[in-house]
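Colleague: Structure of the sequence below:
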Amino acid sequence: MTTLYIALLIAGILMLGAEIYLPGGILGVVGAVALVAAIVVGFRIGPAFGWAGVWVAVLTTALGLWLWVRFFPRTRIGRRLTLSADGRDFKARSEDLGRLVGHSGVATTDLRPAGIALIDGRRVDVVTDGEWVETGRPIRVVRVEGIRVVVVPADPAV
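Modeller: Numbers count the residues shown, from 1 in each chain. Here you go, the predicted model:
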């Protein structure tokens, strides 16, 4: 029984550690279940083993989290998975959407009220003032509010 207890503790810790490099959640869940099982087995052996299992699980999890936060971002894998900048200088792609006012196009998806339209040969995210526009119906750009392109159904005869 003691061998099972130790094996479950070690397996749980190793699986939680492996979860760092093999993300997906399965190893983490199985590792957590192994630690809980070790604690249960420990209490069946005796209270001292049970509480030792609790402390091993808590301390190794805390130590692992601290090591993860402290050192993982500096590893090769960590540098690839984390941002190296704080994001203050990030800029959205600059598009001159204001030039689309008055242009016509066609709804390529249902606009209910948002969707996609083909205007001047390019796909544009558009929105209506609340009305539903079916796919394929002609539309006209009436205004641009930042990156929000507002359209209305156009008269097909025009």
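Colleague: who touches Gly25 in this structure?
Modeller: With contacts taken as CB atoms under 8 Å, 6 or more residues apart in numbering, Gly25 has the following neighbours: Glu19. Every residue, glycine included, has its C-beta placed from N, CA and C.
Colleague: Which secondary structure state is assigned to Val142?
Modeller: Secondary structure assignment for Val142 (DSSP: H, G, I helix; E, B strand; the rest coil): strand.
Colleague: Low-confidence ranges, this protein, go.
Modeller: 91-94, 156-158 (pLDDT under 70).
Colleague: Counting residues, which helix of this structure comes out longest?
Modeller: Secondary structure of the chain per DSSP state H: the longest helix is helix 47-71.
Colleague: Give me the buried positions along that one.
Modeller: Neighbour-count burial for helix 47-71 flags Phe49, Gly50, Ala52, Gly53, Val54, Val56, Ala57, Thr60, Thr61 (criterion: 16 or more other CB atoms under 10 Å).
Colleague: which helices and strands does that helix pack with?
Modeller: Under the contact criterion of 3 or more CB pairs under 8 Å, 6 or more residues apart in numbering; DSSP states H and E, helix 47-71 touches helix 2-18, helix 26-45.
Colleague: swap the cut-off to 6 Å and go again
Modeller: Helices and strands touching helix 47-71, as assessed by 3 or more CB pairs under 6 Å, 6 or more residues apart in numbering; DSSP states H and E, comprise helix 26-45.
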